[in-house]
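Student: I would like to see how this sequence folds:
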Amino acid sequence: MKVATASVNWNNADLGEGNRVPFPEILDLARAAGYTAMEYNPLFGDDVATLQREAETRGITWCGTYQPIDLVSGPLHDEQLDEVALLAGRLAAIDCHDMVVAEPGRPERIAIAGQVPADGSSSSLPRHAYVEIAANLHALGAVAREQGVNMHFHNHVGTWIETPSEVDALLQHLDTGLVDLCFDTGHYAYGGGDALTFMQENVSRIGYLHLKDVDAAVLVAARDKGWSFLEALEHVVFSPLGEGSADIPAILDTLVDNAFDGWVVVEQDTCHGDPTEVARRNREFIEQQVANV
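Tutor: Numbers count the residues shown, from 1 in each chain. Below is the predicted model of the structure:
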């Protein structure tokens, strides 16, 4: 199983600048936690030679990158597609062949994260909007593929595609042969879904995985107290792997049973204690679980 980490484990942009770990020191922390692959963050800079040198020096492979893109304000214009083509070319130059895109966080949705009615009601987009989102994703996928980069769509809390019904509505129009899913187990559970069941039913549509667990008690408190997504992050809604309600052991079993060959990126957006130690424990949990399958 190809296991990687992401800079969000140390630097969470959702919570502001804070005490950011700079590049390339953040790569040292990833290695200290035992990882040999990491997502590229555009904040690391765009000098290909530097990116390659710093990663190779530490024995690290670039596994993908995350990019929020407005998918609902109309057809993507040429400038947006050119920017994605430029980023895809940079990724290919550092031997990184996966790009993850998501809707950007929306204030009105961040405020009601985890509290969107199951049927969407007036809180979700109209049905025809999913056709446009899919068309924009297909355009992005075609541009990325020209650079040898695979495009994956990420379900994300606090965006227009959070709940199971919203994910399903998009999938009805999405050509997953061109743009498949970067499925986020924690975000799906946060949005009211059963991540394990979804994966068991849709594993062939998933090409990239963000693996995280959810603290059920914090999630209940977030819903009861009307916390925004950012407030829930501050209360550490995402727990260490295996300590939450997302059934990570069964999810890992599903990946093994289906010979999943995409990247499994371990994310814990906020944590209690030292994030490097938490990242190490999460990696060890995966290794121990997979060894027992």
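Student: my guess is E284 contacts G34, does it?
Tutor: Yes. E284 lies in contact with G34 (C-beta atoms under 8 Å); the separation is 7.5 Å. No exception for glycine: its C-beta is placed from N, CA and C like everyone else's.
Student: so which of the two has more stuff around it?
Tutor: Between E284 and G34, counted using other C-beta atoms under 10 Å, G34 has the larger neighbour count: 16 against 13.
Student: so that one versus R145, what's the distance?
Tutor: Going from G34 to R145 by C-beta to C-beta, to the nearest Å gives 33 Å.
Student: tally of neighbours for G273?
Tutor: 10.
Student: and the strands in this structure?
Tutor: 2-5, 37-40, 61-68, 98-102, 150-154, 179-184, 206-211, 263-266 (DSSP state E).
Student: what mean pLDDT does the fourth one have?
Tutor: In this model, strand 98-102 carries a mean pLDDT of 98.
Student: so what strands line up beside that strand?
Tutor: strand 61-68 (parallel), strand 150-154 (parallel) (DSSP bridges).
Student: please apply the same query to the last one.
Tutor: Strand 263-266 has the following strand partners under DSSP bridges: strand 2-5 (parallel), strand 206-211 (parallel).
Student: contact partners for V157?
Tutor: A113, G114, H187, Y190, G191, F229 (C-beta atoms under 8 Å, 6 or more residues apart in numbering).
Student: which of those residues fall in helices?
Tutor: H187, Y190, F229 (DSSP state H).
Student: tell me where the model's unsure across the stretch 151-293 of the chain.
Tutor: Of all residues in the stretch 151-293 of the chain, none has pLDDT under 70.
Student: can you do 90?
Tutor: Within the stretch 151-293 of the chain, the segments meeting pLDDT under 90 span 292-293.
Student: now do the helices in it.
Tutor: 164-171, 185-190, 195-202, 216-225, 229-234, 248-257, 275-291 (DSSP state H, counting those that start in this stretch).
Student: among these, which is nearest A30?
Tutor: helix 275-291 (7.5 Å; C-beta to C-beta).
Student: the closest one: which residues count as buried?
Tutor: Neighbour-count burial for helix 275-291 flags P275, T276, V278, A279, R280, R281, N282, R283, F285, I286, Q289, V290 (criterion: 16 or more other C-beta atoms under 10 Å).
Student: export the residues you listed to a markdown table and tack on distance to G207?
Tutor: A markdown table is the format used below for those (distance: C-beta to C-beta, whole Å):
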| residue | distance to G207 |
| --- | --- |
| P275 | 27 |
| T276 | 28 |
| V278 | 26 |
| A279 | 23 |
| R280 | 26 |
| R281 | 27 |
| N282 | 21 |
| R283 | 21 |
| F285 | 23 |
| I286 | 19 |
| Q289 | 21 |
| V290 | 19 |
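Student: closest to V218 out of those residues?
Tutor: V278 (15.4 Å).
Student: gap between the residue nearest to the closest one when sequence neighbours are not counted and I60?
Tutor: Nearest residue to V278, sequence neighbours excluded (C-beta to C-beta, 6 or more residues apart in numbering): C271, at 4.4 Å. Distance, C271 to I60, using C-beta to C-beta: 21 Å.
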